[in-house]
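K.L.:
No sequence on hand, only this structure:
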């Protein structure tokens, strides 16, 4: 007589190729075929592909583990609320946000908790949140869906390409860069996002008097941000003393930030205004 088969002898899941028949009583774990996208209806792995030269990359793509809930959100909500930054078209932000007139760009949002809080507190402002962290993209979509945040759109890819190729002049009402990668090693400082070249590009996409809001817990980077922004002709410090700003109430204290504060880190906020320039033809200031 054959030995009896214990439940412990049956694997909880077995990998199967796409399109294989299902075996009753056995759960299956989908194995992607070579070249098959991770999320067929979700964000692309590299939306801009080889279309544009990346002279210096200021971010490091992270493809860590995606939970079932995040994966579901990426599949289900990306067609409605997601934007692949491919650089192949110019987008109308009013159309993208369904008529919302005020839109701010947030570059790097982590897991999206702070972004969701800001969106809930200010439903009349659209937030175009850009990151390359797949779990964070899924988590923010989940939060937006769960809390009915129709003023959030999630961008996937390089924010430089978005600014340079896909946005029109004076399209943005604000720019937020919270806790960007500090690239602490001196040889990597050129990879830091807040540089004169980046600010010159951003200025062309920001409306006059739009606010650039940066925050970091890396003191040397904070000092560099302040120096670079102070020196740039398109921006002026909102602080009368020309220094750092107190964290405004609209920027939530993030879990990451709280952990840093518990360790004695000093968090610096910078609030700079896009300067309205006079037209060289008629000497009149830009529309405000």
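P.N.:
Received it, and whenever you're ready, just let me know what you need. Just so it is clear, the model here is predicted, and its values are computed rather than measured.

K.L.:
ok, which stretches of the stretch 151-288 of the chain are strands?
P.N.:
Assigned by DSSP state E, counting those that start in this stretch, the strands in the stretch 151-288 of the chain fall at 152-156, 172-178, 206-216, 235-237, 268-274.

K.L.:
Can you say which of those is nearest to residue 104?
P.N.:
In terms of Cβ to Cβ, the element of these nearest to residue 104 is strand 172-178, at 3.6 Å. Bear in mind the C-beta positions are built from the backbone N, C-alpha and C, glycine included.

K.L.:
What's the mean pLDDT across that closest one?
P.N.:
Predicted confidence along strand 172-178 averages 98 (mean pLDDT).

K.L.:
Who are the packing partners of that strand?
P.N.:
Contact partners of strand 172-178 among helices and strands, from 3 or more Cβ pairs under 8 Å, 6 or more residues apart in numbering; DSSP states H and E: strand 102-107, strand 206-216.

K.L.:
could you dump those strands to a markdown table with mean neighbour count?
P.N.:
Rendered in a markdown table, the data for the helices and strands packed on strand 172-178 read as follows (neighbours: other Cβ atoms under 10 Å):
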| stretch | mean neighbour count |
| --- | --- |
| strand 102-107 | 22 |
| strand 206-216 | 21 |
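
K.L.:
Take these and write them to a markdown table, including distance to residue 146 and mean pLDDT.
P.N.:
Shown next, in a markdown table, are the helices and strands packed on strand 172-178 (distance: least, Cβ to Cβ, whole Å; pLDDT from 0 to 100):
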| stretch | distance to residue 146 | mean pLDDT |
| --- | --- | --- |
| strand 102-107 | 19 | 98 |
| strand 206-216 | 26 | 97 |
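
K.L.:
now those strands in CSV, with distance to residue 143?
P.N.:
Shown next, in CSV, are the helices and strands packed on strand 172-178 (distance: least, Cβ to Cβ, whole Å):
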stretch, distance to residue 143
strand 102-107, 14
strand 206-216, 20
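
K.L.:
could the strands of the stretch 151-288 of the chain go into a markdown table alongside distance to residue 133?
P.N.:
Below are those laid out as a markdown table (distance: least, Cβ to Cβ, whole Å):
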| stretch | distance to residue 133 |
| --- | --- |
| strand 152-156 | 10 |
| strand 172-178 | 14 |
| strand 206-216 | 18 |
| strand 235-237 | 28 |
| strand 268-274 | 23 |
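
K.L.:
mind listing the helices in this protein by residue range?
P.N.:
68-81, 93-96, 113-121, 134-146, 159-161, 196-205, 219-231, 255-262 (DSSP state H).
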